[in-house]
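Visitor: Need a 3D model of the sequence below.
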Amino acid sequence: MHDLSALEERLLASTEAANSSVATRLPLNDLADFDAAQRGKIADLPFGGVMNAHRSKAWDMAQYDFLREECPVTVNPSLWRMAQLNAIGGLFEVTRGVWQARGFDYANMTIIQGDTGWILVDPLMTAETSASALQVVNDTLGARDVSAVIITHTHPDHFGGLRGVVDAAAPPPIYAPEGFMDYAASEGVLGGNHTSRRAIYQFGLTLGEGAEGTVDGGIGKTVGKGSRTFVPPTEFVGETGAERIIDGVRFVFAMASGTEAPAEFTFLLPDHRVMCMAEVCTQTQHNILTPRGAQVRDALLWARCIDEAATLFADQADVLINCHNWPVWGQDNLRAYLAEQRDIYKYIHDQTLRLANLGHTPNEIAEKIAEPDWLSTKFHARGYYGTLKFNARAVYQYYYGFFDGNPVNIDPLAPTALGTRLTEALGGPDRVMELAQKAIEDDDLQWAATLLSGLAFAKEGGARAKRLLALVYRHQGFRDESGIMRNIYLMGAKELEEGVTPVPAAGGRNADLAATLSAKDWFDAYALRLNADKARDVNLVLNFNVDGQDLCVTVLRQVEFARMNVLHPNPDAEITVSLPLLEGLANGDLSFEDAQSKGALIKGNSEALKHWLALHDTFDLWFDIVTP
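Guide: Next up, the predicted model:
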């Protein structure tokens with residue numbers, strides 16, 4: 001057996017060589033993006049960061065001061081360059097009457113001067129960071145009320161800070177794309193716990209910032225760790241070409257729903273000659289399928305929406321802004337930018353389907369798809385967030401699903417069974433370790449990770465296998481150009497070495513947003529917690545009136561189903577309750593007595609309601625990922 005420190009030394013040399021080759025291949029000394037990212041700066045970020053209700057940092061860009069140094073061996077130099085760009089924060093003038101607050105959270109907040117107050121576009125992830133950004137705006141430009149809010153799409157880093165900038169009791173007009181309320185709360189509900197756990201990996205929320213930790217998130221640094229809030233929109237836009245006069249400012253909208261988000265729009269400010277591409281375009285290739293988990297996106301629609309916006313707006317704009325990263329100035333530059341952004345998604349779409357139609361499977365396609373030649377100098381389309389290989393697999397999934405047609409993959413072995421059998425077939429744990437160490441010596445890291453992951457899941461897997469796998473994951477992360485892929489590798493290494501380390505602020509739940517769920521969404525989400533073993537031979541019928549809406553819930557055949565606007569003639573019990581009280585009961589936060597004292601009414605067999613609640617599992621956010 002080789003000494004672990006000797007293998008680590010060998011890996012570090014290989015990582016240095018791999019990263020040096022990136023620096024040789026790409027024109028990393030091109031300063032044009034740095035000029036664009038610093039252009040128009042008029043105020044700095046607040047000194048000392050922003051505190052949250054837990055008396056910890058909700059946000060502090062100073063934690064990334066290490067990026068002022070030369071790129072270390074442990075970071076891909078192309079990612080280091082992007083991380084330095086995303087660390088340029090403060091208040092920036094885009095053009096007369098339009099500003100952006102960048103580096104206050106993961107996304108940007110755009111500020112537009114209206115006739116009577118500030119029109120805010122996408123008020124960040126948390127109330128603390130959005131309030132801090134608005135304070136800098138008012139201190140720098142003069143205090144004004146918020147006269148309107150624009151929310152470009154359904155992802156929480158663009159609206160979670162609403163209560164930091166508006167009075168929820170008397171909000172100004174809030175504009176959002178049509179369908180926003182169908183998705184904003186419900187998009188993450190059914191898969192919510194699993195998505196949240198993987199998001200912690202994606203954003204590296206327990207890693208810590210540094211040259212061996214998180215350095216960047218591709219479209220920003222990381223997500224704010226403060227209070228996530230919500231105030232429902234009052235106005236909706238659903239047609240391309242729709243015009244609105246908002247506090248005296250003319251907006252022209254273009255729909256982009258189904259691209260980066262299920263409900264999204266872009267817009268033009270014709271009198272300012274500014275177009276905003278929301279998150280349909282950024283200064284990096286985006287995710288067609290986000291690693292945290294979501295419904296796969298339509299790459300062809302994405303390309304067409306960019307082209308439509310370019311056709312509609314490019315002649316009327318001199319500046320292009322996005323809701324992440326920095327602007328593009330000059331009509332020629334923004335035209336080229338839009339064409340290249342369009343073409344990266346079209347390229348991935350078309351080449352994936354070409355290779356699929358030649359008979360190749362997802363992993364073969366990911367191996368075969370090559371960077372287009374132009375991508376080596378167009379940093380805004382490189383894979384700092386989404387990546388070519390991951391996105392190619394996503395396009396395959398969009399059209400064909402997860403099954404690749406090979407019968408062996410109809411019913412593949414689960415990780416523990418596969419790892420145990422492969423370990424045995426290869427000659428036992430010691431032999432697997434020998435093969436893995438040889439792979440590391442040959443710098444064949446994916447094969448080493450494959451062997452060691454199998455051993456880690458096997459019954460014979462031990463601490464040494466986990467330590468060695470952590471070492472491999474760490475160096476795969478050190479070499480990755482994508483900020484979030486780096487985070488995922490490093491989070492895997494951390495979990496292998498330390499186990500799961502819960503961080504309360506990392507699991508941020510938006511109670512305001514949860515309160516907007518319909519009864520149907522809530523019951524659909526609760527039904528997926530039904531434990532099929534506990535529900536065996538159960539036949540249960542409950543009638544509910546939830547905030548005035550009637551519905552019937554049945555548990556039969558180990559399936560729970562809620563039928564809306566229908567009541568059963570012979571239920572086991574009848575419950576009249578508000579949705580917050582019902583959620584309190586379901587989560588165990590309220591006793592039956594507490595719920596009844598707060599207005600819940602139960603008629604019939606109250607034990608039936610208790611039985612129903614007891615049939616359901618509770619979910620732990622901090623489940624293991626890299627071990628059984």
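Visitor: For Val432, see how far away Thr423 is.
Guide: 5 Å (CB to CB, to the nearest Å). To be clear about C-beta, it is placed using only N, CA and C from the backbone, and glycine gets the same treatment.
Visitor: Pull up the overlap in contacts between those two.
Guide: Gly454, Leu455 (CB atoms under 8 Å, 6 or more residues apart in numbering).
Visitor: what comes into contact with stretch 444-462?
Guide: So stretch 444-462 is contacted by 415-416, 418-420, 422-423, 426, 428-429, 432-433, 435-437, 439-440, 465-466, 468-469, 472-473, 475-476, 496, 626-628 (CB under 8 Å, 6+ apart).
Visitor: could you redo the last one with a cut-off of 6 Å?
Guide: When contacts are defined by CB atoms under 6 Å, 6 or more residues apart in numbering, stretch 444-462 is touched by residues 415-416, 419-420, 422-423, 429, 432, 435-436, 439-440, 465-466, 468-469, 472, 476, 627-628.
Visitor: Filter the residues you listed down to the ones in helices?
Guide: Secondary structure assignment by DSSP state H places 415-416, 419-420, 422-423, 429, 432, 435-436, 439-440, 465-466, 468-469, 472, 476 of the contacts of stretch 444-462 in helices.
Visitor: low pLDDT regions in this structure?
Guide: 1-2, 188, 505-508 (pLDDT under 70).
Visitor: tell me what the longest helix belonging to it is packed against?
Guide: Counting residues, the longest helix found in the chain (DSSP H) is helix 331-357. If you count contacts as 3 or more CB pairs under 6 Å, 6 or more residues apart in numbering; DSSP states H and E, helix 331-357 packs onto helix 299-313, helix 362-368, helix 388-400.
Visitor: Can you say which of those helices is nearest to Gly161?
Guide: helix 299-313 (25.7 Å; CB to CB).
Visitor: correct me, but Val223 touches Leu205?
Guide: No - counting by CB atoms under 6 Å, Val223 stays clear of Leu205, with 7.5 Å between them.
Visitor: more neighbours, the two?
Guide: Shown here are Val223 and Leu205; by other CB atoms under 10 Å, Val223 has more neighbours (26 against 20).
Visitor: In the stretch 501-628 of the chain, mark out all the strands, start to finish.
Guide: Counting by DSSP state E, counting those that start in this stretch, the stretch 501-628 of the chain has strands at residues 540-546, 549-556, 559-564, 573-577, 601-604.
Visitor: who does Thr110 bridge with?
Guide: Gln100, Val121 (DSSP bridges).
Visitor: next one: Gln549
Guide: Those that pair with Gln549 in a beta bridge, by DSSP bridges, are Val546.
Visitor: That one - how many residues pack around it?
Guide: Here the number of neighbours of Gln549 (other CB under 10 Å) works out to 13.
Visitor: Counting neighbours, what do you get for the closest residue to Ile440 other than its chain neighbours?
Guide: Among residues not flanking Ile440 along the chain, Ala448 sits closest, at 5.0 Å (CB to CB, 6 or more residues apart in numbering). Residue neighbour count, defined by other CB under 10 Å, stands at 27 for Ala448.
Visitor: And the one 5 residues further on, by the same measure?
Guide: For Ser453, the tally of surrounding residues (other CB under 10 Å) stands at 24.
Visitor: Locate it within the secondary structure: which element?
Guide: Element membership of Ser453 [criterion: DSSP states H and E] is helix 445-457.
Visitor: buried ones in that helix?
Guide: Applying a neighbour-count criterion of 16 or more other CB atoms under 10 Å, one finds Leu445, Ala448, Ala449, Thr450, Leu451, Leu452, Ser453, Gly454, Leu455, Ala456, Phe457 buried in helix 445-457.
Visitor: could I get that helix in CSV with only the CA atoms?
Guide: What follows is helix 445-457 as a C-alpha-only set of coordinates in CSV (Å, rounded to 0.1, in the frame of the first residue of the first chain):
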residue,chain,number,x,y,z
LEU,A,445,-9.0,10.2,-11.6
GLN,A,446,-12.5,9.3,-12.8
TRP,A,447,-11.6,5.6,-12.9
ALA,A,448,-10.0,6.0,-9.4
ALA,A,449,-13.2,7.7,-8.2
THR,A,450,-15.4,5.0,-9.7
LEU,A,451,-13.4,2.2,-8.0
LEU,A,452,-13.3,4.0,-4.6
SER,A,453,-16.9,5.1,-4.7
GLY,A,454,-17.9,1.4,-5.3
LEU,A,455,-15.7,0.4,-2.3
ALA,A,456,-17.2,3.2,-0.1
PHE,A,457,-20.7,1.9,-0.8
